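Enquirer: Sequence first, then the predicted structure:
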Amino acid sequence: MAKTCQNLNMTALPAATLAHVTGTHSDQPCVLLKLGEIVLKGGNRQHFEKLLQNNIRMAIAELGCGVRLWQRDGVIILTPETSDPGADAASKAALAADQIAERMLTVMGVVRVCRAQRVAKDPDAAIEAAAGMAAGRSGSFAVRAKRRDKRFPLSSADLAIAAGSAIQRRYGNPVDLRNPDFTIHLEVDQSEVFLYTDGQAGQGGLPVGMSGRGLVLMSGGIDSPVAGYRMMRRGLYCTFLHFSGLPLTGPESIYKAYGLVRQLDRYQRGSRLFVIAFGRAQQRLASSGSGRLQVMAQRRLMLKAAEALAARVRATALVTGDSLGQVASQTLANITALDEAVKLPILRPLIGLDKTEIMAEARRISTLALSELPDQDCCSLLLPRQVETRAKVADLHKIEARLDIDQLAGELAAAAAEYRPG
């Protein structure tokens, strides 16, 4: 396969030119990407689509395959290219299409990924391809046809009936239009016909980068990776910050954070993880007489250090895995006191979820097993016997004044170590 991806945006090309560029090869493997929320963006839609196409190109480039990309009516079409014209070119193209489809399942902004076939714009070719797609399948079926080009000699209904009849004659499968075991879709486009089965659900949401940049406070637990994922799905490009207990603990929590960011990197690519050794700062807070406010004081210090680092990585918001009432520091009064510590907005995408819901999402995005690995989290160090659930900002300011907290936060941010798990 070619080593670099060739990217063509053919949205605006006339049909004759498009047919010349893309060709009319029969039974050519391709991938159809169905878009959702993006098509509702009105005047900004073109900007969203351009960013999504760039994200798709970046994801495919890692595969080392050549590809043509074009878009029509809320659908992006990806056709693999092979430089080898030999007898096995078709199998290589099919394998490349399978790999592309698998990679597209992690691209934010894509609602559905359909591994498809592209055939000549001819009724007989379309019907034959539909029958071939049903080979080896058992159970009932349905055929759904959509004719974008009204010049095609068969209407949508007639094409569906003809393809369904061919499948019944050849294989004997029963028709069930309400609840079929499998469905074959035919879409008559400007220069060709696309055929595909139901496909797989994509990530949906918005293209990563559409909503700016955020800094995720990554604890290594279950919640914060899910929070990061959710903000990526809303178009936020995320950088990650982990506070380890070093030198009071070992490096195990760093290994977990690294693994979690590596897992999340599938959804945006190029992720960076910053690690701050936080143990000494925690000792200073404890020795300053923080008492019941120790947890709140160290969380405010974390936010201040994160805000200082955010300026360095061009992030305009902080992201945490807080869920209202889940632990003592996440009461409404304490959340209000945390917000006061920084000027940047703090995004909390899990605020209304319970632990069961968060764990289900962590399992789905494959971060739960990593999060459940044992480690010594810095937040469990130097805990007071009783934790304040209704912290007063004035009391926290007194503790911070003893330590020149803003200078300490700047020093912590400056000493952050950077890793690139992607």
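Expert: Arrived safely, thanks for sending.

Enquirer: which residue ranges form the strands in the stretch 251-400 of the chain?
Expert: 273-277, 318-319, 346-347 (DSSP state E, counting those that start in this stretch).

Enquirer: what's in contact with the first one?
Expert: In this case it means strand 273-277. The contact list for strand 273-277 (Cβ atoms under 8 Å, 6 or more residues apart in numbering) reads 218, 239-244, 246-247, 254, 257-258, 261, 305, 309, 313, 412-413, 415-421. In this view, the C-beta of every residue, glycine as well, is placed from N, C-alpha and C.

Enquirer: Also stretch 132-141?
Expert: Stretch 132-141 is contacted from outside by 27, 117, 164, 167, 170-171, 173-176, 179-184, 195, 197, using Cβ under 8 Å, 6+ apart.

Enquirer: Among those residues, filter down to the buried ones and hand me the PyMOL syntax, if you would.
Expert: A single PyMOL command selects the buried members of those (16 or more other Cβ atoms under 10 Å):
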select buried, resi 27+117+164+167+173+180+182+183+184+195+197
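
Enquirer: Filter the contacts of stretch 132-141 down to the ones in strands?
Expert: Gln117, Phe182, Thr183, Ile184, Leu195 (DSSP state E).

Enquirer: didn't the second one look like it was pressed against Thr197?
Expert: When you say that, I think you mean Phe182. Yes - Phe182 is within contact range of Thr197, at 6.0 Å (criterion: Cβ atoms under 8 Å).

Enquirer: Let me know how buried the residue lying closest to Ala413 once chain neighbours are set aside is, in neighbour terms.
Expert: Once flanking residues are discounted, Ala413 sits nearest to Ala308: 3.7 Å by Cβ to Cβ, 6 or more residues apart in numbering. Ala308 has 18 neighbours, counted by other Cβ atoms under 10 Å.

Enquirer: what do you get for Gln168?
Expert: Quick note: Gln168 (other Cβ under 10 Å) scores 15 neighbours.

Enquirer: One more: Lys121?
Expert: 19.

Enquirer: shouldn't it be in contact with Leu186?
Expert: No - the pair Lys121 / Leu186 is not scored as a contact, 11.2 Å apart, by Cβ under 8 Å.

Enquirer: which residues do the two both contact?
Expert: Val193.

Enquirer: Pick the most buried one from the strands of the stretch 251-400 of the chain.
Expert: Here the criterion is mean neighbour count by mean count of other Cβ atoms under 10 Å, and of those the winner is strand 318-319, at a mean of 26.

Enquirer: what sits up against that strand?
Expert: With contact meaning Cβ under 8 Å, 6+ apart, strand 318-319 is reached by 214-217, 224, 227-228, 231, 236, 238, 303, 306-307, 310, 342, 344-349.

Enquirer: is it fair to say Val193 lies in a helix?
Expert: No - counting by DSSP: H, G, I helix; E, B strand; the rest coil, Val193 is not part of a helix but strand.

Enquirer: Name the nearest residue to it, ignoring sequence neighbours.
Expert: Ala126 (4.4 Å).

Enquirer: Compute the inter-axis angle for whichever strand or helix holds the one you found and strand 192-196.
Expert: Per DSSP states H and E: Ala126 is located in helix 123-133. Helix 123-133 and strand 192-196 are oriented at 20 degrees to each other (axes from the mean of the first three to the mean of the last three Cα atoms, to 10 degrees).

Enquirer: Report the rounded mean pLDDT for helix 123-133.
Expert: For helix 123-133, the mean per-residue pLDDT is 96.

Enquirer: Do a quick rundown of the helices in the stretch 101-250 of the chain.
Expert: 123-133, 156-171, 223-233 (DSSP state H, counting those that start in this stretch).

Enquirer: that older thread, how about the CA coordinates for the helix holding Ala126, as PDB?
Expert: What follows is helix 123-133, C-alpha atoms only, in PDB (Å, rounded to 0.1, in the frame of the first residue of the first chain):
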ATOM      1  CA  PRO A 123     -29.400  -1.600 -12.000                       C
ATOM      2  CA  ASP A 124     -28.100  -5.100 -12.800                       C
ATOM      3  CA  ALA A 125     -24.700  -4.400 -11.100                       C
ATOM      4  CA  ALA A 126     -26.500  -3.100  -8.000                       C
ATOM      5  CA  ILE A 127     -28.900  -6.000  -7.800                       C
ATOM      6  CA  GLU A 128     -26.100  -8.500  -8.300                       C
ATOM      7  CA  ALA A 129     -23.900  -6.900  -5.600                       C
ATOM      8  CA  ALA A 130     -26.900  -6.900  -3.200                       C
ATOM      9  CA  ALA A 131     -27.400 -10.600  -3.800                       C
ATOM     10  CA  GLY A 132     -23.700 -11.200  -3.300                       C
ATOM     11  CA  MET A 133     -23.700  -9.300   0.000                       C
END
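
Enquirer: Would you mark the buried spots in it?
Expert: Quick answer for helix 123-133 (16+ other Cβ under 10 Å): Pro123, Ala125, Ala126, Ile127, Glu128, Ala129, Ala130, Ala131, Gly132, Met133.

Enquirer: wouldn't Arg68 be in contact with Thr79 here?
Expert: Yes - counting by Cβ under 8 Å, Arg68 touches Thr79, with 4.6 Å between them.

Enquirer: I'd like to know which elements the longest helix anywhere in the chain is packed against.
Expert: For the chain, the longest helix by residue count, based on DSSP state H, is helix 294-313. Secondary-structure packing of helix 294-313 (3 or more Cβ pairs under 8 Å, 6 or more residues apart in numbering; DSSP states H and E): strand 213-217, strand 237-244, strand 273-277, helix 279-287, strand 318-319, helix 332-339, helix 393-403, helix 405-414.
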